[in-house]
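[1] I'd like to go over a predicted model; first the sequence, then the structure.
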Amino acid sequence: MTEAGDERPTHGKRGHGSDPRALVVIPTYQEAATIVRALDVLDAAAPALHVLVVDDASPDGTGELVAARAERSPGLHLLRRAGKQGLGTAYLEGFAWGLERGYDVVVEMDADGSHDPAIVPVLLAGLEDADLVIGSRYVPGGEIPGWGWQRRALSAIGNRYASLALRLAVADLTSGFRAYRADLLRRVDLDGVRSNGCAFQIEMALRAALAGGRIAEVPIRFVDRTEGSSKMSAAIAAEALLRVTAWSLRPPALGRARPAGVEPAPVVASLAAGEDAPLVGPAGRAGVHPPLS
């Protein structure tokens with residue numbers, strides 16, 4: 001087992017063969033009922049990937065379950081934190097951990113069963129033509145079974161508002177199931193990110209676009225958790241609304257120089273089920289909002 005050590009990516013299936021290149025970051029708090037199954041399904045779907053579980057000192061023993069499993073799985077890593085510090089900071093620490101160890105791709109997903117680990121290879125395939133691939137509920141082929149019309153409408157309206165306010169041609173800005181190229185994360189000012197919850201996902205997409213990142217979406221089936229309790233709250237939703245409005249007036253600074261020749265506009269496409277759609281671009285063509293400023 002490794003706990004925030006200095007290990008570099010090993011090779012192949014949990015340590016043998018070709019370079020896995022990709023790290024899946026899974027933040028946890030009180031996920032003892034779901035984490036083992038999530039790791040089982042992920043291991044079956046993409047056995048060559050390495051996994052970093054970032055646990056916020058879960059009192060239900062989530063960290064201990066991961067630690068025990070990691071003893072027999074060299075590609076599984078555990079980063080323990082002192083207490084509950086929030087989703088955004090968990091991902092930021094996970095990103096930094098992966099970048100320091102030379103991974104080429106970083107994937108983020110939840111452990112609660114909402115995100116199907118079998119879709120991870122689809123996200124990775126999308127990175128052949130994009131820098132950020134988002135698993136989307138709101139492109140053709142995306143599904144949210146079990147949601148009532150009120151909850152569905154609230155989520156869709158919130159995402160639509162964020163997309164219009166920030167001029168981002170992304171249907172599901174709040175999705176937490178996504179894959180980043182490491183070189184894009186290095187261009188983003190991760191130290192400047194201050195959001196948590198769904199606002200964190202919106203801010204990361206905005207910063208990716210400002211850094212010239214190409215963003216694509218693939219359809220996913222989002223299923224509500226059946227074990228444990230949701231971390232969503234009115235405070236998290238309010239934070240997202242306030243931050244989006246502020247960013248629409250003054251986008252966050254990159255914090256570092258943009259590479260020469262890179263324009264601050266996303267190249268975006270919906271890679272919907274049954275379609276073989278290329279990314280649309282350059283900026284200003286159909287499907288892409290005007291350049292960000």
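    Arrived safely.

[2] against Val244, how distant is Asp183?
    27 Å (Cβ to Cβ, to the nearest Å). Every residue, glycine included, has its C-beta placed from N, CA and C.

[3] who's more crowded, the two?
    More crowded of Asp183 and Val244, by other Cβ atoms under 10 Å: Val244, with 23 against 14.

[4] state the distance from that one to Asp131.
    22 Å.

[5] please apply the same query to Arg160.
    In terms of Cβ to Cβ, Arg160 sits 23 Å off from Asp131.

[6] so between these two, which is more surrounded?
    Asp131 (23 against 13).

[7] and the more buried one, what pLDDT?
    On pLDDT, Asp131 comes in at 97.

[8] now do the one 5 residues further on
    Ser136 is assigned a pLDDT of 96 by the prediction.

[9] got the contact list for it?
    Gly142, Val170, Ala171, Asp172, Ser175, Glu217, Val218, Pro219, Ile220, Ser270 (Cβ atoms under 8 Å, 6 or more residues apart in numbering).

[10] who's it bridged to?
    Pro219 (DSSP bridges).

[11] what is Val107 paired to in the beta sheet?
    Val24, Ala179.

[12] count the neighbours of it for me.
    28.

[13] give the full set of residues in contact with it.
    By Cβ under 8 Å, 6+ apart, the neighbours of Val107 are Ala22, Leu23, Val24, Val25, Leu49, Val120, Leu123, Leu124, Arg178, Ala179, Tyr180.

[14] redo that, cut-off 7 Å
    Ala22, Val24, Val25, Val120, Leu123, Ala179 (Cβ atoms under 7 Å, 6 or more residues apart in numbering).

[15] let me see the confidence value for it.
    98.

[16] distance of it relative to Gly158?
    24 Å.

[17] what's in contact with the host helix or strand of Leu242?
    Take DSSP states H and E as the rule and Leu242 turns out to sit in helix 234-249. With Cβ under 7 Å, 6+ apart as the test, helix 234-249 has contacts from Tyr161, Ala162, Ala165, Leu166, Ser195, Asn196, Gly197, Cys198, Ala199, Ile202, Glu203, Leu206.

[18] so the third one sits in a strand?
    Spelled out, it's Ala165. No: per DSSP: H, G, I helix; E, B strand; the rest coil, Ala165 lies outside any strand segment and is helix.

[19] kindly export the helix holding Leu242 (C-alpha atoms) in PDB.
    The C-alpha trace of helix 234-249 is given here as PDB (Å, rounded to 0.1, in the frame of the first residue of the first chain):
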ATOM      1  CA  ALA A 234     -28.700  24.200  -0.600                       C
ATOM      2  CA  ALA A 235     -25.400  25.900   0.500                       C
ATOM      3  CA  ILE A 236     -23.500  24.100  -2.300                       C
ATOM      4  CA  ALA A 237     -26.100  25.100  -4.900                       C
ATOM      5  CA  ALA A 238     -26.000  28.700  -3.700                       C
ATOM      6  CA  GLU A 239     -22.200  28.900  -3.900                       C
ATOM      7  CA  ALA A 240     -22.400  27.700  -7.500                       C
ATOM      8  CA  LEU A 241     -25.000  30.400  -8.400                       C
ATOM      9  CA  LEU A 242     -23.100  33.200  -6.800                       C
ATOM     10  CA  ARG A 243     -19.700  32.200  -8.200                       C
ATOM     11  CA  VAL A 244     -21.000  31.800 -11.800                       C
ATOM     12  CA  THR A 245     -22.500  35.200 -11.600                       C
ATOM     13  CA  ALA A 246     -19.200  36.700 -10.400                       C
ATOM     14  CA  TRP A 247     -17.200  34.800 -13.000                       C
ATOM     15  CA  SER A 248     -19.500  36.100 -15.700                       C
ATOM     16  CA  LEU A 249     -18.500  39.600 -14.700                       C
END
